[in-house]
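K.L.:
Predicted model and sequence below, questions to follow.
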Amino acid sequence: MNKKLIAVAGGIAVVVLAGWWFVLWGPAGDAVTAAETRFRNAKGQTTQLEVHRDRLLAIQKELPQMQSRLQTLSAAVPDRAAMSDFLLAASEAEADSGLDFLTVSASPPTPTLTPGLSTVSVQLTGTGGYFQMLDFINRLQSMHRVMVIKNLTVVANQFSEEAELLGPPNLSVTISGDLFVATLDPEAGAV
């Protein structure tokens, strides 16, 4: 009987051990493995987030400089035609350079091949001496607004011999060019 008792006790021990393995140890081991996997994934995400954070901190340090550049670009290529601002700047350049008179004509904004950009064709006409014309053109080029001069025509006006004695000949200049406008909706074209 002793052998039977030992065999029954051994069988019960094996069943209890197998039950303990399948009910307690196996699921706990799977949970530990899953937890270790989640930990490794979280550690990898932490590294990626630290790199992303460092990038954002670097951008934050450069933010004032980027905002300054954006303001400069917004002034150079505004999001509306802003012809009044251009006319005031051209009028100031005319007065400072000593031109006799200045006329300005402009077309409505037209889309360009570059998405989000339109152009306003402008034509400026004025009269004055050579150095006044040169000074005026230099002042146009130093404006904050981007203007591309496409054509420049200079013609000497008729003058009498008395006018020649008073100073350099009178010149008429016609400047044709484009101003740029940033469009908010590239599909819409002109603003």
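P.N.:
Arrived safely. Numbering: from 1, shown residues only.

K.L.:
Which helix or strand contains the most centrally placed residue in the chain?
P.N.:
Compute the mean C-alpha point of the chain, and by Cα atoms, centre = their mean the closest residue is residue 70, 6.9 Å away. Following DSSP states H and E, one finds residue 70 within helix 26-76.

K.L.:
Same check on residue 145?
P.N.:
Assigned by DSSP H and E, residue 145 falls within no helix or strand.

K.L.:
tell me the SS of the residue lying closest to residue 181 once chain neighbours are set aside?
P.N.:
Closest residue to residue 181 apart from its sequence neighbours, by Cβ to Cβ, 6 or more residues apart in numbering: residue 118 at 4.5 Å. Bear in mind the C-beta positions are built from the backbone N, C-alpha and C, glycine included. Secondary structure assignment for residue 118 (DSSP: H, G, I helix; E, B strand; the rest coil): strand.

K.L.:
returning to that earlier point: can you give me the distance of the residue nearest to the centre of the chain to residue 63?
P.N.:
Using Cβ to Cβ, to the nearest Å, we find residue 70 at a distance of 10 Å from residue 63.

K.L.:
Ok, residue 158 next?
P.N.:
Per Cβ to Cβ, residue 158 is found 59 Å from residue 63.

K.L.:
Please say which of those two ends up with more neighbours.
P.N.:
residue 63 (10 against 7; other Cβ atoms under 10 Å).
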